[in-house]
Structure formats: structure tokens, C-alpha cells
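**Student:** Prediction below, plus the sequence it came from.
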Amino acid sequence: MKFYSLASSNWDKEEILAIKNVIKSNRYTMGGEVLKFEKKISKFYNVNHAIMFNSGSSANLIMIASLFEMGLIKKGDEVIVPAVSWSTTYFPLYQYGLKLVFVDTNKFGIIEIENVIKAISKKTRIIFNVNLLGFPSKLDVLKKIADKNKIILLEDNCESFGSVYKNKKAGTFGLMGSLSFFYSHHITTMEGGMILTNNLKISEYAKSLRAHGWLRDLPIKNKIHNKTGDNFKDSFKFVLPGYSLRPLEFSAAIGSVQLKKWNKQKKQRIDNARFFCKLLGKSSKFEIPNFDKDSTWFGFPIVFKDKIDRNKMIRVFELNGIECRPIVAGNFIKQPVINKLNYRISGKLKNADHIDECGLFLGNDHRNLKKQLNKVNELIRNEI
Ligand SMILES: Cc1ncc(COP(=O)(O)O)c(C=O)c1O
């Protein structure tokens, strides 16, 4: 066992009971538990629709697929993205023939507003914002820019469950927002994700695209293709080129339990963050974000001034049983897969490069991490 792991499960007998209840019900494929969890999440987020998927990556894919099938975007359109994010923020854009426009971020991977403004061209159709590591971008400003330029704002909120920006939950500023319930994320069903939206038509497209492109999960009167009312015909009517990305009942039943535990978990995460910021706040050798009580602190980023120090600390942490990792995927431009994508870079990616070369992050979760963070502090202060 590691002294300080990147993530840890908070499942206990309640999650096990939820799993047993699904087994007892003998209904495993998407059904009542998924509907219940979707309702709970839509209430939690105060949005009209929450559509569950088998992962956050699938949610990102269907956000783009819905816009494409609704005719709101087309091949060759440009999408502004931050240069630091996870691979599956970017891949659906490639998969739908869109051009990625990479812009630089702040010191900790959050998209910079002035870079977004500079990157807008006649072809821009989407700003795909990412609320990275629990920190919302300046979402009200992004929304204004998007509206002014008749561009769609989307939010990859997979790393920022429960984070708030100016009293409104991150993930609800754009036309759609995505969530992930993967193991290391805030609430976990091990695999799972969600799209949040207030738009009924989008929710119907997303539901059809989630399950084979059929009509089954839609009401008789819907915004894609009305049903006949004849179950025999309606159940096997395919109206969109869809996928099979449905979640299991297990995941949703567990999600409902996890959501009940969220407030307690959130408090501990933020307490850990407060401790981390106080302990490591001042150094001439590295920087960390300022404490922010509205972030749900996915992890603890540390950006060293010098890459030699970062590389040294990776080794020291390893030797001491402390897991650390790059800040998300670093500067994505440097990933080998970039050669496959259609993209341009707007401006210089100075901060993204620095994050890539000098950044790392440590985990945060529901546990009190004082002991682990004290050790981190001691090692950093001794070694560099
Ligand atoms: C920013 C971001 N987007 C999307 C995803 C994909 O989520 P999932 O692992 O549920 O597919 C992740 C996963 O870590 C992520 O960090």
C-alpha cells in the first residue's frame, strides 16, 4: 500500500447494499436506477436534464455528436480548447471532423480569456472550456464572449464535480456540461458520466445517440421523430447514427449513494486543500494555487520553477510511497497523437509548456490527508 495514493475509494457497506439490491431486482441494464440517479443529479445541479453515460468520455462524445446531428456544427468548424486537458476532451472533436484551436492557459491549466478572444475566427463555432482540477474558468465572461460571437459554450466539468463559480455550479454555464464518475473523481461509480443541459431537444438527441440511435427512451411526441404509439414498430425504429454508451443499473444505484455522502466528502476535500495551501503556500522554488473554497480540489497541483526540481521530486516522492502524476495530460500539443488531429495553435503556449515540464499533482479525496501532506512538505523543503 502506498503512503499517499492518488486516489482512494470511499465505498462502504452502503454501496455494497446498493449493488445487492440491483442483483435482487434482476434488472441490470439501464432502467429505473439510472432514471433515479439522473433526477437526483439534475436536482443537485438545478438543470432540466441530466443524461447518464458509461463514462465522462462518452458524455463528451455525445455533447459533440448531438450538436453535429442537430446541424448546429459541421465538419471544418473550429473549436477553441485549452492546451491542457484530458485526451477525451479533444478526441470527439477529431471524430466529428472539427478543427481544434489550442490556446494557452493560466499557470494551473485554466483557459485565459484574452487568449480565447484572440483565437476567435469566422469559423469558430464552439468554445470547449475545461474546468480543470476542480477550478472553474471565468465562466460568466466565457458565456458573454460566446453569446456576443454567436458561439456555443460547452464545459468539460469532469474534474470539477460540485465546484461553484459566483454562486452557480460549474458545468451549468454552457449549453451543455459533462461530468465523470471515474474512480479517482469526486463521486465515483468507478465508471460513469453525465451530460447536464437545460435544452430539451439536446437531451432527446443525447438519449437517442446514447442507445443505438433508437427512439425507445423518448416520449411519443419528441423533437427528433415522433413515435406511432405502436410498441412493435417504435421499439426498433432507428433515427440517428448512434452508439451504445449506456450505463449499468449498478453504477446509477451506487451514484445515488455517493451523492448522499457528497457534502461530507466535499468538506474534507476543502479542509485538506486549506491545509495544503497553508503548508506549501510560500516558496521561491514552486507555486501552488491560492486557496479557493468554491473549488472542490480534484487534486493538489504544484508547479516548480525549474524542471530539474520537478524531476527530482518525482523520484523522491516515488521512493517515499507518494504517488504523483503530470498535470492532466500536460501540454497536449506534445502528445504523439497530435499528428492525427486537425488543429492550429493560437498564440504561444507558454504556461502550458511550463505546466508540462515543471508541474505535477498529488491526490485529494475524502480522507484527512494532514499526515501525508506534512510528509510532502518536509520532503520538498529538504530536497530542493
Ligand atoms: C478533463 C477530463 N475530461 C474527461 C475525462 C474522461 O472521463 P472518464 O474517465 O469518465 O471517461 C477526464 C478523466 O479523467 C478528465 O479529466
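**Tutor:** In hand now; what should we look at?
**Student:** ok, for residue 350, nearest residue in space, not its chain neighbours?
**Tutor:** residue 104 (6.0 Å; C-beta to C-beta, 6 or more residues apart in numbering). In this view, the C-beta of every residue, glycine as well, is placed from N, C-alpha and C.
**Student:** quick one: contacts for that neighbour?
**Tutor:** Residue 104 makes contact with 82-83, 112, 115, 347-352, according to C-beta atoms under 8 Å, 6 or more residues apart in numbering.
**Student:** Alongside the ligand, which residues does the stretch 101-250 of the chain contribute?
**Tutor:** 130, 156, 158-159, 180, 182, 193 (C-beta under 6 Å from any ligand atom).
**Student:** Closest one of those to residue 236?
**Tutor:** residue 193 (26.9 Å; C-beta to C-beta).
**Student:** isn't the closest one right up against residue 50?
**Tutor:** No - when contacts are counted by C-beta atoms under 8 Å, residue 193 is not listed as touching residue 50 (10.6 Å).
**Student:** neighbour-wise, which of these two wins?
**Tutor:** residue 193 (28 against 21; other C-beta atoms under 10 Å).
**Student:** pLDDT score for that one?
**Tutor:** pLDDT recorded at residue 193 is 98.
**Student:** Then the one 4 residues further on?
**Tutor:** Looking at residue 197, its pLDDT reads 99.
**Student:** And for residue 331?
**Tutor:** For residue 331, pLDDT reads 98.
**Student:** Contacts only, for it.
**Tutor:** 83-84, 349, 352-353, 355-356.
**Student:** if you set the cut-off to 6 Å instead, what comes out?
**Tutor:** Contacts for residue 331 (C-beta atoms under 6 Å, 6 or more residues apart in numbering) come out as 83, 349, 352-353, 356.
**Student:** And for the residue nearest to residue 205 when sequence neighbours are not counted, the neighbour number?
**Tutor:** Leaving aside its sequence neighbours, residue 205 sits nearest to residue 66 (C-beta to C-beta, 6+ apart; 4.1 Å). By the criterion of other C-beta under 10 Å, residue 66 has 28 neighbours.
**Student:** Might one say that residue 66 is in contact with residue 202?
**Tutor:** Yes - using C-beta atoms under 6 Å, residue 66 makes contact with residue 202 at a distance of 5.3 Å.
**Student:** Excluding chain neighbours, what is closest to residue 246?
**Tutor:** In space, and not counting its chain neighbours, residue 246 is closest to residue 30: 4.3 Å by C-beta to C-beta, 6+ apart.
**Student:** now the one you found: how far from residue 182?
**Tutor:** 18 Å (C-beta to C-beta, to the nearest Å).
**Student:** cool, residue 346 as well?
**Tutor:** 30 Å.
**Student:** how long is stretch 65-76 from one end to the other?
**Tutor:** End-to-end distance of stretch 65-76 (C-alpha to C-alpha, to the nearest Å): 14 Å.
**Student:** Would you mind extracting the C-alpha trace of the helix or strand in which residue 206 is found into CSV?
**Tutor:** Using DSSP states H and E, residue 206 maps to helix 200-210. Extracted in CSV, the C-alpha atoms of helix 200-210 (Å, rounded to 0.1, in the frame of the first residue of the first chain):
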residue,chain,number,x,y,z
LEU,A,200,-35.0,19.6,-24.1
LYS,A,201,-34.1,19.0,-27.8
ILE,A,202,-30.4,18.3,-26.9
SER,A,203,-31.4,15.9,-24.1
GLU,A,204,-33.5,13.9,-26.6
TYR,A,205,-30.7,13.8,-29.1
ALA,A,206,-28.3,12.7,-26.4
LYS,A,207,-30.7,9.9,-25.2
SER,A,208,-31.1,8.5,-28.7
LEU,A,209,-27.4,8.8,-29.5
ARG,A,210,-26.6,7.0,-26.2
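**Student:** which one in this structure is furthest away from the centre?
**Tutor:** The C-alpha centroid of the chain is most remote from residue 230, which lies 39.2 Å away (C-alpha atoms, centre = their mean).
**Student:** Find the pair from the residues of the stretch 101-250 of the chain next to the ligand with maximum spatial separation.
**Tutor:** Largest pairwise distance in those, by C-beta to C-beta, is 15.4 Å, between 130 and 182.
**Student:** Where does this structure get nearest to the ligand, which residue?
**Tutor:** With C-beta to the nearest ligand atom as the measure, residue 56 is the residue of the chain nearest to the ligand, at 2.8 Å.
**Student:** Please name the residues that touch that residue.
**Tutor:** Residues in contact with residue 56 (C-beta under 6 Å, 6+ apart) are 158, 178, 180, 193.
**Student:** Also residue 113?
**Tutor:** Contacts of residue 113 (C-beta under 6 Å, 6+ apart): 138, 141.
**Student:** That one and residue 184: what is the separation?
**Tutor:** Distance from residue 113 to residue 184, by C-beta to C-beta: 29 Å.
**Student:** now residue 78
**Tutor:** Distance from residue 78 to residue 184, counting by C-beta to C-beta: 31 Å.
**Student:** Does residue 361 belong to a helix, a strand or coil?
**Tutor:** Here residue 361 is recorded as strand under DSSP: H, G, I helix; E, B strand; the rest coil.
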